[in-house]
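Asks: just to be clear, the model below is a prediction. Sequence and coordinates:
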Amino acid sequence: MPEILEVECYRRTAERTLGRPVAAIQADDEWFLKGGLVRAELDAALVGRSFVGARRRGKLLLLDVDDGAVLGLRFGMTGRLLVDDAAGIDRLEYSSDRDDPAWDRFGLGFVDGGSLVLRDPRRLGGVELDPDEEALGPDAWTVGAAALGHVLAGSTAPLKARLMDQNRLAGMGNLLTDETLWRAGLAPVRPAGSLDATELRRLHRNLRRVLDDLHVRGGSHTGDLQASRRRGGLCPRDGEPLVRESVGGRTTYWCPVHQR
DNA sequence: ATTGTGGCCTGCCCGC
DNA sequence: TGCGGGCAGGCCACAA
């Protein structure tokens, strides 16, 4: 699914649209328009204009319009971004291997004949105009150790739930969080505020490494834990059966031996 | 305020 | 062979 790594890939793909005037909007799926947005507003905001910046905060892709407006794109679990009919990601875990234009939920046509399309089989993504960027926490890829400590401090919520709370820390999805905690040797069910200074440093170091490593490898599904994230899976580090349980409302796999 | 739960959406996969 | 239930999880509304 698109987590922070995939959305960063989409952001780079979206840079190919910069400076190209928009000719038309395809927004027939009103479910996909969020925050009370209607098609006419998109027409008024985008047609004849062009994008001057492609930014990302967590899993939210932000396209800056040349008049200061901002188009926000969310990809849910199965959304992909196609620019000029070329996909930014070849394949998504948990998404279909098929590739059906019927799943195009939103699109822009450019004056030059090219296009930007958000293709999302499960319709969990969405489009928003001028999204509240500041409602999101700091970006997980660049967050510092001190800021990460602030995210966790004083919380009794499970560590995993806190790390995935986009309003506290933006970008972590289920797979990346399991991989990070597995590498850091921290139990996902620990109260978030219970980490000591050593554990916090370990978490921060591993968070950064997981994002760097898996980005190079090609996505959120390329972690060392991934192959064992199944019923009956064994810990790749010490061979123990992994615990499968719901933490923070998400299916979680973790090793009860080395994750403490 | 914080934390937890359920539902939304749809395609796929397994077992019958 | 077809069918139905379970599952995937990002996000949001709502409850406690």
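Replies: That came through fine. Being a predicted model, the structure only gives us computed values, none of them experimental.

Asks: only C-alpha atoms for contact and neighbour calcs from this point on.
Replies: Will do.

Asks: in chain A, which spans are helices?
Replies: A:4-14, A:39-46, A:145-152, A:159-164, A:174-184, A:197-217 (DSSP state H).

Asks: residue ranges in the stretch 51-200 of chain A under the pLDDT threshold?
Replies: Within the stretch 51-200 of chain A, the stretches with pLDDT under 70 are A:87-98.

Asks: can you name the residues of it that neighbour DNA strand C?
Replies: A:59-60, A:74-77, A:94, A:122, A:124-125, A:166, A:171, A:173-175 (C-alpha under 7 Å from any atom of the strand).

Asks: those residues of the stretch 101-250 of chain A touching DNA strand B, which are they?
Replies: Applying C-alpha under 7 Å from any atom of the strand, we find that the stretch 101-250 of chain A lies next to DNA strand B at A:103, A:121-124, A:154-158, A:161, A:248-249.

Asks: neighbouring contacts of stretch A:217-230?
Replies: In this structure, residues lying in contact with stretch A:217-230 by C-alpha atoms under 8 Å, 6 or more residues apart in numbering are A:1-3, A:5-6, A:93, A:175-176, A:178-179, A:182, A:210, A:214, A:233-236, A:253.

Asks: give me the buried positions along that stretch.
Replies: With burial defined by 16 or more other C-alpha atoms under 10 Å, the residues of stretch A:217-230 counted as buried are A:219-226, A:228-229.

Asks: returning to that earlier point: got a ChimeraX select line for the buried ones in the residues of the stretch 101-250 of chain A next to DNA strand B?
Replies: Remark: buried members of these, expressed as a ChimeraX selection using 16+ other C-alpha under 10 Å:
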select /A:103,121,123,157,158,161,248
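
Asks: what's the closest of the helices of chain A to residue A:190?
Replies: Closest approach to residue A:190 among these (C-alpha to C-alpha): helix A:159-164, 5.5 Å.
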